[in-house]
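**Q** Structure, please.
(one chain, ligands or ions: 1)
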Amino acid sequence: MTIAKAVKVENLSKSFKGKLALNKVGLIANEGEMLALVGASGSGKSTLLRNINGLHLADKGTVSIFDAPLQSQGKYHSHIRRIRSQIGFIFQQFNLVTRLTVVENVLIGNLSQISLSRSLFRQFSKSEKTQALAALQRVGILEQAYQRASTLSGGQQQRVAIARCLVQGAKIILADEPIASLDPESARKVMELLCELNDEGITVITSLHQVQMVQRYFKRAIALRDGKVMFDGAVNELNEQKLTKIYGSAVEELVVRGHGDFTTREDLLVKTKTETH
Ligand SMILES: Nc1ncnc2c1ncn2[C@@H]1O[C@H](COP(=O)(O)OP(=O)(O)OP(=O)(O)O)[C@@H](O)[C@H]1O
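**A** Reported below is the predicted structural model:
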């Protein structure tokens with residue numbers, strides 16, 4: 001059986017004011033994979049994720065989603081809306097409308113399927129509302145459904161953003177530094193939720209600053225430096241020695257001292273299951 005290529009990036013280059021942010025980047029994420037993008041600040045992680053879902057248009061190269069080209073040689077494909085509907089995007093700063101309720105945020109996030117006028121006038125069908133509430137239950141914040149989003153903690157807001165991806169029916173979730181603004185406990189819950197969704201078949205690509213978190217939750221990582229792929233392989237090969245070779249003294253930004261030994265995703269999932277029983 002051939003595994004579908006959820007994301008294929010070929011020879012992608014993008015510059016801002018003459019400075020290369022992505023330099024001939026290539027990667028494949030197979031359906032059901034969970035992949036980390038690592039790199040020091042300015043290495044191109046956000047730019048790459050934004051190009052994969054078409055928020056940005058590259059200068060050269062191609063991005064394909066399940067074999068359908070989303071952008072190619074500086075042009076969007078005419079079916080970009082349909083192709084993008086398969087991709088959910090999670091931002092570091094949650095991107096919620098804080099004066100709306102949690103459930104409204106989940107519903108208006110589903111813009112590719114709901115017409116703009118309906119979403120502006122907040123007219124949602126019963127089945128859309130049921131679906132949104134089910135997604136909130138899935139991410140563990142059903143009780144907060146009718147609270148204003150502004151009343152939620154950062155971790156809860158991030159889970160609303162994930163619920164939005166679920167309602168959208170996303171087959172791929174791109175998460176740009178999803179835990180950078182969270183306390184360690186909220187970060188753990190968000191990462192575990194992403195792992196669970198990945199176990200259910202959703203392809204997940206996440207950019208992260210801390211190598212410890214990558215070691216903990218991922219099997220494969222891609223390391224970027226100055227917009228170039230410097231490593232693509234098993235996380236356990238991305239040790240401190242390799243990181244120092246890639247980043248030199250900038251490695252300090254990626255490795256947080258005093259956080260103990262790396263724990264693998266399997267160890268953590270066993271630990272979580274034991275805790276909840
Ligand atoms: N909209 C923009 N306008 C001009 N330059 C940009 C823009 N977005 C990114 N860049 C530049 O492109 C390069 C890559 O930035 P990018 O944000 O993708 O890196 P990053 O690895 O995500 O960094 P961080 O972890 O700090 O978010 C940087 O040099 C950055 O200054």
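**Q** and the residue of the stretch 51-200 of the chain nearest the ligand?
**A** Closest to the ligand within the stretch 51-200 of the chain is Glu177: 6.4 Å, counting by C-beta to the nearest ligand atom. Placement of C-beta: from N, CA and C, glycine included.
**Q** mind listing what the residue nearest to Val25 when sequence neighbours are not counted touches?
**A** Spatial nearest neighbour of Val25, excluding adjacent residues (C-beta to C-beta, 6 or more residues apart in numbering): Leu12 at 4.5 Å. Contacts for Leu12 (C-beta atoms under 8 Å, 6 or more residues apart in numbering) come out as 22, 24-26, 48, 51, 58, 60-63.
**Q** mind running it again at 7 Å?
**A** Residues in contact with Leu12, defined by C-beta atoms under 7 Å, 6 or more residues apart in numbering, are 22, 25, 51, 58, 61, 63.
**Q** ok, what's across the strand from Ile28?
**A** Lys8 (DSSP bridges).
**Q** Tell me if I'm right that it and Lys8 touch.
**A** Yes: under the criterion of C-beta atoms under 7 Å, Ile28 makes contact with Lys8 at 5.2 Å.
**Q** Tell me which of those two has more neighbours.
**A** Shown here are Ile28 and Lys8; by other C-beta atoms under 10 Å, Lys8 has more neighbours (19 against 15).
**Q** still on that earlier bit, restricted to helices, list the contacts of Leu12.
**A** Asn51 (DSSP state H).
**Q** tally of neighbours for Ser72?
**A** 15.
**Q** pretty sure it is touching Asp59, no?
**A** No: contact criterion C-beta under 7 Å: Ser72 and Asp59 do not qualify, at 11.6 Å.
**Q** where exactly do the helices run in the stretch 51-200 of the chain?
**A** For the stretch 51-200 of the chain, the helices defined by DSSP state H, counting those that start in this stretch cover 80-84, 102-108, 116-120, 126-138, 154-168, 184-199.
**Q** quick check, distance from the first one to the centre of its chain.
**A** It refers to helix 80-84. Relative to its chain's centre, helix 80-84 lies at 17 Å (C-alpha atoms, centre = their mean, to the nearest Å).
**Q** got it, and stretch 218-236?
**A** Distance, stretch centre to chain centre, for stretch 218-236: 16 Å (C-alpha atoms, centre = their mean).
**Q** how near is Ala6 to Gly154?
**A** To Gly154, Ala6 is 28 Å away according to C-beta to C-beta, to the nearest Å.
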